[in-house]
Structures are given as C-alpha cells and as structure tokens.
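Novice: no FASTA, just this:
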C-alpha cells in the first residue's frame with residue numbers, strides 16, 4: 001500500500017554568512033533613479049546638448065586650423081617649386097652667359113651674368129631658410145649639394161668672364177649644368193608632391209569636419225526633439241495635475257461650504273436652545289422663586305407688624321430681612337430681564353432698544369441719539385432676539401472699553417431687510433482687534449447674525465469711535481434651520 005506524502009513548499013536555506021537579498025532596496029533605488037530622470041531629464045539633455053555644441057565648435061576650430069596650416073604648407077610648397085624653377089632658369093642663364101662671353105667677349109654678357117648670379121644667391125638664401133623652417137632633413141641635404149654646386153658654378157663663371165683681356169676664354173663643361181638641372185627637378189617634384197599631399201589632407205579634413213558637424217547637428221536635433229517631447233509630457237502631466245488640483249479644490253470648497261452651513265445651522269440651533277432655556281429658566285424664576293420671595297416678604301412683614309411694639313429689637317431685624325428680600329426680588333427681576341427681556345416680548349423691538357439704550361445711558365452717563373421707526377414693527381421672534389442681543393453686547397462692550405460720551409442707535413426696516421446701526425464716539429476699536437475677531441464678543445455676534453443669513457460689520461468711525469452695523473433679511477424660508485447630519 002503506497003502512501004502519498006504531502007507536498008511541501010521548498011525552502012532555500014542560506015548560509016549564515018550570506019546576506020539576504022534586498023529586492024525592496026533595489027526597487028526603491030530604481031524608483032528614485034526613474035523619478036530623478038523624469039524630473040531632471042531636461043537638465044541632462046540640455047547639458048549634453050551644450051557639451052555637444054561646445055565640442056562641435058572645438059572640432060570646427062581645430063579643423064579650421066589644420067586646414068589653414070595645410071593650405072599654408074601647400075602654398076609654401078608651391079612657392080618653393082616656383083623658386084626652384086626660377087633657380088634652374090637663372091643657373092641656365094649663367095651657363096648661357098658664360099658660353100656667350102666665351103664666344104664673344106661682350107660686356108653685356110658680363111652684366112647679365114652678374115644680375116643672374118645675384119638672383120641665384122637670393123633664391124638660394126630663400127630656399128635655405130624655407131628648408132630649415134620646414135625641417136625636411138633629406139630635402140635640406142639635397143639642397144645643400146645644389147647650393148654648393150651653384151656657388152661653384154658662380155665662382156667658376158666669374159673667373160671665366162673676368163675683365164682681363166689676356167684671360168683664356170674656355171667654354172664651361174656641360175655636365176655641371178645637367179647635374180644641377182636634375183637635382184633641381186627632383187626637388188621640384190618633391191615640393192609638388194608636398195603641396196599635393198597638403199591639399200589632399202586639407203580636403204580630407206574638410207570632409208571629416210563636415211561629417212562631424214553634420215553628426216553633431218543631427219545628435220543635437222535628436223536631443224532637442226527628445227527634450228521638447230519630454231517637456232510636452234511634463235506640461236501635459238502638469239496640466240493633468242493642475243486639473244486634478246482644481247477638481248480637488250472645488251470638492252474641498254463644496255465640503256467647506258457644506259460644513260459652514262452645518263456649523264451655521266448648529267450655531268443657530270444652539271442659540272435657539274440657549275434662548276429657550278433662558279426663557280424656561282426665567283419663567284421658573286418668575287413663577288417659583290418670585291412666589292417664594294413674595295410669600296416670604298408677606299410673612300416677615302406680618303410678623304414684624306405683630307412684634308413692632310412688644311419686641312422692637314426683633315422688629316428691627318425683621319425690617320432688615322424685608323430689605324434683603326426686596327433686594328432679592330430686584331435681583332430676580334434683573335436676572336429675568338437679562339435672560340428674557342419682558343419689554344421685548346410685551347412691547348416689541350423698537351421699545352426694547354430704546355429702553356436698553358436709556359438704561360445703559362443712565363448707568364454710564366451717555367447722551368443717546370435715536371433713529372428708530374415711529375411705530376413698532378413685528379419682525380419675528382428670532383430676528384428680534386438676534387438684533388436685541390447684538391445691541392445688548394455692543395452697549396456692554398462700549399461701557400467696558402469705549403470711554404464714550406454719546407451713543408447713536410438707528411434701526412431701518414424695509415420690505416426685504418432690517419438694519420441695525422450703533423455708533424459711539426469713544427476711543428475706537430484698534431486695527432489689530434479688527435483683524436482678531438475673537439475679542440469683544442465679536443464672534444458671538446457674527447455667528448448670531450450669520451445664522452440668520454445676515455451681514456455683520458465693524459469699523460472705526462470718523463473722526464473717532466466705533467461703528468457696528470447689522471443687516472439681515474426680514475423673513476426666511478424656515479424660521480429655524482435644521483442641523484444637517486455630519487458626514
């Protein structure tokens with residue numbers, strides 16, 4: 001019976017001294033290299049293009065210098081060939097003058113011989129300097145022999161055509177002239193070959209330079225094509241990234257707008273809850289605590305009346321207790337008014353603003369100027385509470401910080417909007433406080449107004465003081481916004 005062994009995964013056991021492979025490190029390095037190439041490929045291409053351009057200029061300049069040198073060598077070789085031809089002609093003229101003088105003793109031959117000898121010496125000197133300059137030892141050795149033979153020819157010819165009438169006139173040997181002509185022909189051939197080699201080398205250098213420049217230009221064109229292609233890819237990628245950023249920015253703007261609306265709705269909800277709690281607490285204070293304080297006052301007054309004659313000391317204590325109860329009742333009324341102004345609920349916003357400003361003016365010694373509607377208007381409980389709280393906070397801040405002497409309160413109502421403006425002539429709000437809206441209770445006023453879809457502005461008045469203006473719509477589609485669910 002055969003047993004089937006379970007298949008196991010082969011495991012490669014590495015020696016202890018063998019380092020484990022690091023494919024992740026290689027991949028990271030390759031990724032970094034690819035990112036670097038994508039980011040800096042244009043710089044590499046521009047550097048290579050600049051190097052190629054500079055190299056091409058160097059090649060062109062070196063080729064030009066070689067071609068110029070080779071042309072100069074060819075011209076000098078052509079000049080040397082011409083000088084050698086002139087030297088051969090002058091040496092032939094010397095031989096002809098010697099022969100002519102030997103046949104007929106004429107002074108004209110002597111003069112022509114001397115002129116030809118002078119030309120030969122000048123030509124020999126030029127050729128000697130030329131061969132020494134080019135450093136051709138073989139040609140210089142051949143030329144030395146020619147020069148020595150030419151000098152001997154001139155010396156012998158001068159002796160033959162001497163002015164002495166008794167001198168024996170003999171014809172010059174023809175072998176010397178033939179030897180010089182052969183040597184000069186060899187030198188001329190050598191110079192012609194030198195000139196031809198120089199011209200051939202210059203033409204070859206021109207072809208090489210042309211090919212090199214053409215190849216470098218083609219390589220530069222390819223590099224620039226790759227560069228512009230890469231730039232196009234980068235620009236396209238940048239455009240896509242910018243488009244994605246714009247889309248993301250729009251999504252963020254929409255999200256911020258939605259969150260802002262949610263926060264405004266939440267702020268309005270919290271303010272509504274706070275106002276409702278204040279109303280409930282004011283009602284309980286008025287009903288419960290007011291009843292307790294009133295009943296206690298009545299009981300203490302009855303006891304004081306009974307003990308007034310028999311117990312004067314206790315009656316005095318009870319009179320003091322009655323005063324404390326009166327203070328508690330007044331405090332209760334003031335707290336209730338702060339929580340839920342009864343004048344606003346009973347008489348409306350115009351009367352409440354007038355009463356609020358008059359009380360603040362009495363406490364702070366202000367002169368109050370009103371610009372209010374003649375008759376009270378019904379704006380809705382939420383709007384009236386918001387405007388009243390803004391006025392309350394503004395007058396409180398003016399009493400704390402403004403050091404004002406005059407306050408102006410204005411209320412404007414039209415069919416669509418209601419506007420409240422409160423101006424003082426105090427020291428004025430500081431510029432840094434205008435930027436830092438977290439001071440003087442400005443955040444609460446801004447949130448209260450913005451929750452009702454209004455606009456809140458504060459600025460330094462002219463010539464001094466602070467001006468606060470609020471504008472909001474009279475009616476909204478919903479009296480109280482619903483808090484959106486957080487996403």
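Specialist: Yes, it's here. Everything quoted here is computed from the prediction, not taken from an experiment.
Novice: mind listing the strands in the chain by residue range?
Specialist: Per DSSP state E, the chain carries strands over the ranges 367-371, 406-413, 417-424, 455-460, 466-473.
Novice: Parallel or antiparallel, which strands does the first one pair with?
Specialist: For strand 367-371, sheet partners with direction are given as strand 406-413 (parallel), following DSSP bridges.
Novice: Okay, angle between the strand it pairs with and strand 417-424 too, please.
Specialist: Angle between the axes of strand 406-413 and strand 417-424 is 180 degrees (criterion: axes from the mean of the first three to the mean of the last three CA atoms, to 10 degrees).
Novice: Off-centre distance for strand 406-413?
Specialist: A distance of 52 Å separates the centroid of the chain from that of strand 406-413, by CA atoms, centre = their mean, to the nearest Å.
Novice: quick one: contacts of it?
Specialist: The contact list for strand 406-413, computed with CB atoms under 8 Å, 6 or more residues apart in numbering, reads 349-350, 353-354, 357, 360-361, 366-373, 377, 379, 387, 391, 395, 398, 418-425, 474. C-beta: built from backbone N, CA, C; applies to glycine.
Novice: and the angle from that strand to strand 466-473?
Specialist: In terms of direction (the same axes, to 10 degrees), strand 406-413 departs from strand 466-473 by 10 degrees.
Novice: Could you pull out the buried residues of strand 406-413?
Specialist: 407-409, 411, 413 (16 or more other CB atoms under 10 Å).
Novice: Between which two of these is the distance greatest?
Specialist: Within the buried residues of strand 406-413, two members stand farthest from each other by CB to CB: 407 and 413, at 20.2 Å.
Novice: ok so, going back, for residue 57, state which of the buried residues of strand 406-413 is nearest.
Specialist: Lowest distance from residue 57 to the buried residues of strand 406-413 (CB to CB) belongs to residue 408, with 82.2 Å.
Novice: What spatial separation is found between the closest one and residue 99?
Specialist: Relative to residue 99, residue 408 is positioned 141 Å away (CB to CB, to the nearest Å).
Novice: Give me the contacts around stretch 72-84.
Specialist: By CB under 8 Å, 6+ apart, stretch 72-84 touches 123, 126-127, 130, 134, 184, 187-188, 191-192, 194-196, 198-199, 202.
Novice: average pLDDT across it?
Specialist: For stretch 72-84, mean pLDDT is 86.
Novice: what do you get for stretch 279-297?
Specialist: Average pLDDT, stretch 279-297: 76.
Novice: how close does the closest residue to residue 101 other than its chain neighbours get to residue 178?
Specialist: Leaving aside its chain neighbours, residue 101 sits nearest to residue 109 (4.0 Å; criterion: CB to CB, 6 or more residues apart in numbering). Between residue 109 and residue 178 the distance is 21 Å, computed by CB to CB.
Novice: picking that back up, which of the contacts of strand 406-413 count as buried?
Specialist: 349-350, 353-354, 357, 360-361, 366, 372, 379, 387, 391, 395, 398, 418-425.
Novice: Give me the neighbour count for the closest residue to residue 183 other than its chain neighbours.
Specialist: With CB to CB, 6+ apart as the criterion, residue 183 has its nearest non-adjacent residue at 4.9 Å, and that residue is residue 146. Each residue near residue 146 was counted by other CB atoms under 10 Å, and the total is 22.
Novice: do the same with residue 386
Specialist: Residue 386: 25 neighbours (other CB under 10 Å).
Novice: swap in residue 448?
Specialist: Using other CB under 10 Å as the criterion, the residues surrounding residue 448 number 22.
Novice: Which pLDDT value belongs to it?
Specialist: If you check residue 448, the pLDDT there is 78.
Novice: ok, it to residue 377 distance?
Specialist: Counting by CB to CB, the gap from residue 448 to residue 377 is 20 Å.
Novice: The top helix by length along the chain packs against which elements?
Specialist: Assignment by DSSP state H gives helix 174-284 as the longest helix of the chain. Helix 174-284 is packed against helix 23-103, helix 137-160, helix 312-339, helix 442-451, with contacts defined by 3 or more CB pairs under 8 Å, 6 or more residues apart in numbering; DSSP states H and E.
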